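Participant: Attaching a predicted model along with its sequence, questions to come.
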Amino acid sequence: MITELPDTTTKAIAAELAHARERHSLATGRVLTLLVAIDDSREDSIDETLATLRDASFEHPARVLVLISGDSEADTRLDAQVLVATDAGASEVVVMRLYGELTGHMGAVVTPLLLPDTPVVACWPQKAPKHPAGTQLGRIAQRRITNLRRGTNGVTLQQLTDGYEHGDSDMMWSRITPWRGIVASALDRHPGTRVHSAEIAGAAGDPSVDLAAGWLASSLGVKVTRCEGEAAGDFPIARLVLHCDGGDVEVAVQDSHTVRISAPGHADSFVAMGERSEAESLAEDLRHLGPDTTYERALRGLQGVHNEL
């Protein structure tokens, strides 16, 4: 169900949420408040973001407050939509379009609508700020999630590293979690093997490959070389070679569903791995509301990566 609230107030939005809960017998067990900032006001882009939020909500029921920045020079106005039941997945969603002075006061707009005694997470699914914790929404939230896959405003991984604070994460990091598990498992199968250096090849300019290289450098403490390589399917990492005592261990993506592991003295093995959707990546980020120290180390490890692109 979608309720339109043109030229409204946060008090009216809160009242509509309470009425919707009564009318539809909605469960009140929201586990967090998710603040979502959107700069692209095209309807297709908004619909895509709402679909991602809806899919992620089945694992994490939340109050989702979506803020869309409109014309800052227009008359000050707040237009809202309240989505519940099938239109909102397992969450309750408020889509707010801000105009005029409100575009510069996002923190004040969302504060009356925050769920009491629950964590607050801020998310930028389209354009990442250079310093998430320094934004109005970031100062409210315990956890801040960016998405460099769509970071079309020029924010780079290095800028996120420079602006990092405990609680930051990026969906490009959770995108490669299954691959990182496969790499760790490949090394576990050969205990005592010492890694001297590593080479990782993947799509040029893809932050996931760079984060993977930083993770290897920080975890293994060795020189990691980042090369360009043609990825199989949509997965960004094409190949990893670990130069070890006794020969190389290779983890190569065969296609969008399979990874091949090669090691000296062993037959090749094949492991299933699928490309993660943005909803799956977001859902993983929402499972851990404390600081992601491994992500932080991966960012710091970027300085130890030799880039051959």
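Facilitator: Alright, I've got the coordinates. Numbers count the residues shown, from 1 in each chain.

Participant: Which parts of this protein are helices?
Facilitator: In the chain, the helices defined using DSSP state H lie at 10-24, 43-57, 106-110, 136-140, 157-162, 171-174, 177-188, 207-220, 278-287, 293-301.

Participant: Pick the most deeply packed of the ones you listed.
Facilitator: helix 171-174 (a mean of 26; mean count of other C-beta atoms under 10 Å). To be clear about C-beta, it is placed using only N, CA and C from the backbone, and glycine gets the same treatment.

Participant: just for the protein, where's the confidence low?
Facilitator: Within the chain, the segments meeting pLDDT under 70 span 24-29, 87-88, 90, 151-154, 232.

Participant: Quick one: closest of the helices of the chain to Arg149.
Facilitator: Across the helices of the chain, Arg149 has its closest neighbour in helix 171-174 (5.8 Å, C-beta to C-beta).

Participant: Against which helices or strands is that closest one packed?
Facilitator: helix 207-220, helix 278-287 (3 or more C-beta pairs under 8 Å, 6 or more residues apart in numbering; DSSP states H and E).

Participant: Surely Arg260 and Val249 touch.
Facilitator: No. With contact defined as C-beta atoms under 8 Å, Arg260 does not reach Val249; the gap is 11.5 Å.

Participant: between the two, which one's more packed in?
Facilitator: Legend: neighbour count by other C-beta atoms under 10 Å for Arg260 and Val249, higher for Val249 (23 against 15).

Participant: List the residues that contact the more buried one.
Facilitator: Residues in contact with Val249 (C-beta atoms under 8 Å, 6 or more residues apart in numbering) are 186-187, 190, 193, 241-242, 261-264.

Participant: Out of the residues you listed, which end up buried?
Facilitator: Buried members of the contacts of Val249, counted by 16 or more other C-beta atoms under 10 Å: 186-187, 190, 193, 241-242, 261-263.

Participant: Am I right that Val183 is in contact with Ile237?
Facilitator: No. Counting by C-beta under 8 Å, Val183 stays clear of Ile237, with 9.6 Å between them.

Participant: what does stretch 187-207 rub up against?
Facilitator: By C-beta under 8 Å, 6+ apart, stretch 187-207 touches 148-149, 151, 157, 170, 172, 208-209, 212-213, 216, 220, 222-231, 236-246, 249, 263, 309.

Participant: One more pass at 6 Å, please.
Facilitator: 148, 157, 172, 209, 212-213, 216, 220, 222-229, 231, 236-245, 309 (C-beta atoms under 6 Å, 6 or more residues apart in numbering).

Participant: now stretch 289-297
Facilitator: 119, 143, 166-167, 169, 173, 218.

Participant: Give me the subset of these lying in strands.
Facilitator: 143, 169 (DSSP state E).

Participant: Turn the contacts of stretch 289-297 into a markdown table, including distance to Gly301.
Facilitator: Output for the contacts of stretch 289-297, formatted as a markdown table (distance: C-beta to C-beta, whole Å):
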| residue | distance to Gly301 |
| --- | --- |
| Pro119 | 28 |
| Arg143 | 21 |
| His166 | 17 |
| Gly167 | 19 |
| Ser169 | 15 |
| Trp173 | 12 |
| Ser218 | 3 |
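
Participant: for the contacts of stretch 289-297, which one is nearest Arg276?
Facilitator: Distances from Arg276 to the contacts of stretch 289-297, taken by C-beta to C-beta, are shortest for Trp173, at 11.1 Å.
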